[in-house]
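> A predicted structure for the sequence below; I have some questions about it.
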Amino acid sequence: MRSISSRSSYASASRGSASSLFLLELIIAVGFFAVAGVVCIQMFLHAHRISENARIKAEAVTIVQNCAESFLAADGDQKTFDELLRQVFPEDTIEDHGSHTELISQDGEFRTELSTEKAETGVPEISTLHILVSAASGEEICSLDVCDYPGEEKSP
């Protein structure tokens, strides 16, 4: 009889260790997937930040390009330049501060400072437009200086 009871206790111990090994494997697998999930989420967040920065920079470059083209199309005439700005940016707020013009995007995400100066180095006068695009937080995103030389032929 002893041999039967010893076999039974051995089989019971073997089943208990098998189930505890299965549980241990299951815990390790869940832990691995949790760590992998955290790494993947961090990668997606980083990609989202990069994508958002690229979108902001692309929009800022578009604003600068539109302002520069309007300035060159105005051919040095401030009134024509202001009218062109209002046509190009119909939803945005345009404020004249005397020394410079400020263009505030409709959603408030961008502030563009436009200041013109005429170099009086003789005839003809050279007009320069300083364009500075910044985020609503004040961080500079993009800037450009555009010179317009009177009498220069414009390409179609």
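Okay, I see it. Residues are numbered from 1 along each chain as shown.

> Let me see the ranges of the strands in this structure.
93-96, 101-104, 110-119, 126-135, 140-148 (DSSP state E).

> Can you tell me the strand partners of the last one and which way each runs?
Paired neighbours of strand 140-148 in the sheet (DSSP bridges): strand 126-135 (antiparallel).

> cool, and the second one?
Strands adjacent to strand 101-104 in the sheet, as given by DSSP bridges, are strand 93-96 (antiparallel), strand 110-119 (antiparallel).

> what about the shortest one, average pLDDT?
Just to be clear, that refers to strand 93-96. Strand 93-96 carries an average pLDDT of 86.

> show me the contacts for F32.
By C-beta atoms under 8 Å, 6 or more residues apart in numbering, no residues touch F32. For glycine as for every other residue, the C-beta is placed from the backbone atoms N, C-alpha and C.

> If you could redo that for F22, that was the one I meant.
The contact partners of F22, by C-beta under 8 Å, 6+ apart, come to none.

> Now do it, the pLDDT please.
89.

> Then V88?
pLDDT, V88: 91.

> Tally up the residues packed near it, please.
Residues lying near V88 (other C-beta atoms under 10 Å) number 15.

> Verify the stated contact: it with Q65.
No: contact status for V88 versus Q65: not in contact, 10.2 Å apart, counting by C-beta atoms under 8 Å.
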